[in-house]
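> Sequence and predicted structure below; questions after.
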Amino acid sequence: QIERTSDSQVLSEVATIVGQWITDPNSGLKIQEKTNFVHKMMTFEHGRNSGPYTIFLQMVYDLISNNNPPEPELVIKVQRACMIGLRCRDPVMRNNFFRYFEGQVHRSLFQRLTHIIQKQEWDAIG
């Protein structure tokens, strides 16, 4: 299986191809299939090589930061992957995810707490 390989170059190429499928609304994949790919790619975080993980995070960021996402339901389903971006070791990528997260949360304390408690899946960041 592809997720068991340790070849960084192969995994990077697979991540690039799958990322193109996921972000392309005309790829023919259903939203559930795209979500499954994203969830499988979340294992890149624990790999020894940062190449596939960086490609994965960039794909997630491009997907969630699109002002007019072609598939809004997909954006909702990849929120867990977005939370992983908040703990990324790369400061530039982590900053991108924090700016996105900051833009999603309202300014008042009550609304922020409501958003954090009710709408976020924090188990991904733990």
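Arrived safely, thanks for sending.

> Poorly predicted segments of this protein, please.
1-4, 69-70, 120-126 (pLDDT under 70).

> Just the strands from it, written as ranges.
Along the chain, counting by DSSP state E, no stretch forms strands.

> what's near enough to touch the nearest residue to Arg112 once chain neighbours are set aside?
Using C-beta to C-beta, 6 or more residues apart in numbering and skipping the chain neighbours, the partner closest in space to Arg112 is Val105 (5.3 Å). Using the backbone N, CA and C atoms, a C-beta is placed for each residue, glycine as well. Shown in contact with Val105 (C-beta atoms under 8 Å, 6 or more residues apart in numbering): Gln111, Arg112, His115, Ile116.

> Most neighbours of all those residues, which one?
In terms of neighbours by other C-beta atoms under 10 Å, the contacts of Val105 top out with His115 at 14 neighbours.

> what residues are up against that residue?
Listed by C-beta under 8 Å, 6+ apart, the contact partners of His115 are Gln104, Val105, His106.

> What's the separation between it and Leu86?
To Leu86, His115 is 14 Å away according to C-beta to C-beta, to the nearest Å.
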